[in-house]
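> From the sequence below, what's the structure:
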Amino acid sequence: MIAQLIATTCGAGYLRPAPGTWGSFVAVILALALHYIGGFPLLFIATFVVFFVGWWATAEVTRGKEDHDPSEVVIDEVAGQWIALWVTSYGAHSMGIDPLALYPGWIAGFLFFRLFDITKPNLIGWADRRGDALGVMLDDVIAGVYAAIATGLLAALYHMVIL
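Model (predicted):
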């Protein structure tokens, strides 16, 4: 079933332990690949495509089930993780440098995203409690926004204090 393949990010959601972390890791690798192919603009557009396709796939695989957010569904991590990496991808793209030159930003985006996705503060928790496919996607999108802000602030602090 195509919805299952999408929702689990080609099976990454079946990896144990911590399928969400595996999904986020796969998302970082995919984000780097997208950046190398088309820079930040491609990653930006792909994020929206993944959000809407992921929303559909999540709704399909959870239809009629009690669990609205099964652990194997990790397409939401892909959308959120990509948002968390926008700051770093944009920086590399705008400066015309290899994205791996900004490797601390990729690592920070990953770590901040996992932190916010796991702890679910504020709006992230609200979205998670919706109990539907949109909530599954939104909690990770909001976690991605928080992580992008934290990554950007960390980069700004680094450049103001260190450089």
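> residues in contact with the residue nearest to Trp106 when sequence neighbours are not counted?
Take Trp106 and drop its neighbours on the chain: the residue closest to it by C-beta to C-beta, 6 or more residues apart in numbering is Thr88, 5.6 Å away. In this view, the C-beta of every residue, glycine as well, is placed from N, C-alpha and C. Thr88 is in contact with 99, 102, 105-106, 108-109, 151, 155, counting by C-beta atoms under 8 Å, 6 or more residues apart in numbering.
> which of the residues you listed lies closest to Val28?
Trp106 (6.3 Å; C-beta to C-beta).
> quick one: which of the contacts of Thr88 is nearest to Ile29?
Trp106 (10.1 Å).
> most surrounded residue in the contacts of Thr88?
Gly109 (32 neighbours; other C-beta atoms under 10 Å).
> Was I right to think that residue contacts Trp82?
No - at 9.3 Å, Gly109 does not count as touching Trp82 under the criterion of C-beta atoms under 8 Å.
> just to revisit the earlier point, inside helices: which ones of the contacts of Thr88?
Judged by DSSP state H, helices contain the following of the contacts of Thr88: 105-106, 108-109, 151, 155.
> hey, C-alpha coordinates of the worst-scoring helix or strand of the chain on mean pLDDT in PDB?
Lowest on mean pLDDT, DSSP states H and E among the helices and strands of the chain sits helix 123-128, with a mean of 92. Extracted C-alpha coordinates of helix 123-128, given in PDB (Å, rounded to 0.1, in the frame of the first residue of the first chain):
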ATOM      1  CA  LEU A 123       1.800  24.500  20.800                       C
ATOM      2  CA  ILE A 124       3.500  21.200  20.000                       C
ATOM      3  CA  GLY A 125       1.600  19.400  22.800                       C
ATOM      4  CA  TRP A 126      -1.600  21.100  21.700                       C
ATOM      5  CA  ALA A 127      -1.200  19.800  18.100                       C
ATOM      6  CA  ASP A 128      -0.300  16.400  19.400                       C
END
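> Only the buried residues of it, if you could.
Neighbour counts over helix 123-128 (16 or more other C-beta atoms under 10 Å) mark 124, 127-128 as buried.
> Going by distance to Arg16, which of the residues you listed wins?
Asp128 (21.3 Å).
> The ones in helices among the contacts of Thr88 into CSV, with extra columns for pLDDT?
Listed next are those as CSV, based on pLDDT from 0 to 100:
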residue, pLDDT
Gly105, 96
Trp106, 97
Ala108, 98
Gly109, 98
Thr151, 97
Ala155, 92
